[in-house]
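Peer 1: Generate coordinates for the sequence data below:
(one chain, ligands or ions: 3)
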Amino acid sequence: MSLSIQMLGTGNAFAKRYYNNNALLDSGEGKLLIDCGTTASLALHQIGVPLSEIDAILITHIHADHVGGLEEFGFQMNILHRRKPVLYIAEPLIHPLWEHTLKGGMSQQGMIDKLEDVFEVNVLTPDKSATLVPGIKVELIPTRHIPGKNSYSLFINDRLFYSADMIFAPDLLHHLVHERGCRGILHEVQLQGAGEVHTTLDELLSLPKPLQERIHLMHYSDDMEQFRGKAGVMSFLEQQRIYHLAELEV
Ligand SMILES: O=c1ccn([C@@H]2O[C@@H]3COP(=O)(O)O[C@H]3[C@H]2O)c(=O)[nH]1
Ligand SMILES: [Zn+2]
Ligand SMILES: [Zn+2]
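Peer 2: Ligands and ions are numbered 1, 2, ... in the order given. All right, here's what the predicted structure looks like:
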């Protein structure tokens, strides 16, 4: 069975019409959640997928729309299902995720004092692909987002690029398409204003056609509808719609 992708949400950090930009990948043999933002458990509830059916979670970087749902996920799995969720994460994110994000809510004297006490932590090495669940292989690609904060985009099954929040990286997109066989690109977009920490629509529109025709836009603001027809050949991903890999590829 081929890979399917369902965005739990397609909104940016401040969106109200759209949930957080988190994705559910299903290979037919396993389910991987890419990022677990504040709205992840509500979105999963709405699409009828219990948290206990998620085989693993992968984190791209530390912002609430990408990790804000981990406390609930961790507690629900540990308390209601008596097991630790499997968490894939790059080593540099472990300390800030626990010390600066989760510790305040999750620590319990003598019981929980580190990330490994509530999650089955698996460390990923950037630029090296690994099978995270059966049928889903992921390579972390470090990309620039906020100065001083590590962030990792993803190359999935050697054919699909999934951007973390990132500033425009045209050389990387060229390299993936022309040298690594990338056939589809799920890319975050900032529709208006200067892209200080994100990639703008105008920047993506400056790319040559072979790249643009592979791009599907996500992580957008509430005014997205005003931009339909202004994104050239690029399309907007719809939250909660199930896409089969072939629909996203050229
Ligand atoms: O230097 C900064 C830092 C942050 N921000 C905003 O905060 C948000 C945090 O989540 P995000 O990465 O999805 O999006 C970010 C932006 O919307 C910004 O505009 N400029
Ligand atoms: Zn974000
Ligand atoms: Zn971010």
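
Peer 1: and stretch 186-198, which residues are buried?
Peer 2: 186-191, 195, 197-198 (16 or more other C-beta atoms under 10 Å). (Glycine included, C-beta is placed from N, CA and C.)

Peer 1: Kindly report the same for stretch 66-75.
Peer 2: So, applying 16+ other C-beta under 10 Å, buried residues of stretch 66-75: 66-74.

Peer 1: Packing partners of the top helix by length along the chain?
Peer 2: Looking across the chain with DSSP state H, the single longest helix is helix 170-179. Helix 170-179 sits against strand 184-188, helix 209-212, with contacts defined as 3 or more C-beta pairs under 8 Å, 6 or more residues apart in numbering; DSSP states H and E.

Peer 1: what about these, which gets the closest to ligand 2?
Peer 2: For ligand 2, the closest of the helices and strands packed on helix 170-179 is strand 184-188, at 7.1 Å, according to C-beta to the ion.

Peer 1: what's the next helix-or-strand element following the closest one in contact with?
Peer 2: The C-terminal neighbour of strand 184-188 among helices and strands, as given by DSSP states H and E, is helix 201-205. Here helix 201-205 makes contact (C-beta atoms under 8 Å, 6 or more residues apart in numbering) with 168, 170, 187, 189-191, 195, 212, 215, 217, 227, 230-232, 234.

Peer 1: What parts of the chain come near ligand 1?
Peer 2: 12-13, 63, 65, 146, 165, 196-197 (C-beta under 6 Å from any ligand atom).

Peer 1: ok, longest strand in the protein?
Peer 2: The single longest strand within the chain, with elements called by DSSP state E, is strand 136-142.

Peer 1: Please state the mean pLDDT value computed over the helix or strand that it is followed by.
Peer 2: Elements were assigned by DSSP H and E; along the chain past strand 136-142, the next helix or strand is strand 152-156. Strand 152-156 carries an average pLDDT of 99.

Peer 1: how close does Gly11 sit to Arg17?
Peer 2: Counting by C-beta to C-beta, to the nearest Å, the gap from Gly11 to Arg17 is 7 Å.

Peer 1: higher neighbour count, the two?
Peer 2: When Gly11 and Arg17 are compared for neighbours, Gly11 comes out ahead with 24 against 14, by other C-beta atoms under 10 Å.

Peer 1: Contact partners for the nearest residue to the more buried one once chain neighbours are set aside?
Peer 2: Nearest residue to Gly11, sequence neighbours excluded (C-beta to C-beta, 6 or more residues apart in numbering): Tyr18, at 2.9 Å. The neighbours of Tyr18, taking C-beta under 8 Å, 6+ apart as the test, are 9-12, 220, 222, 224, 239.
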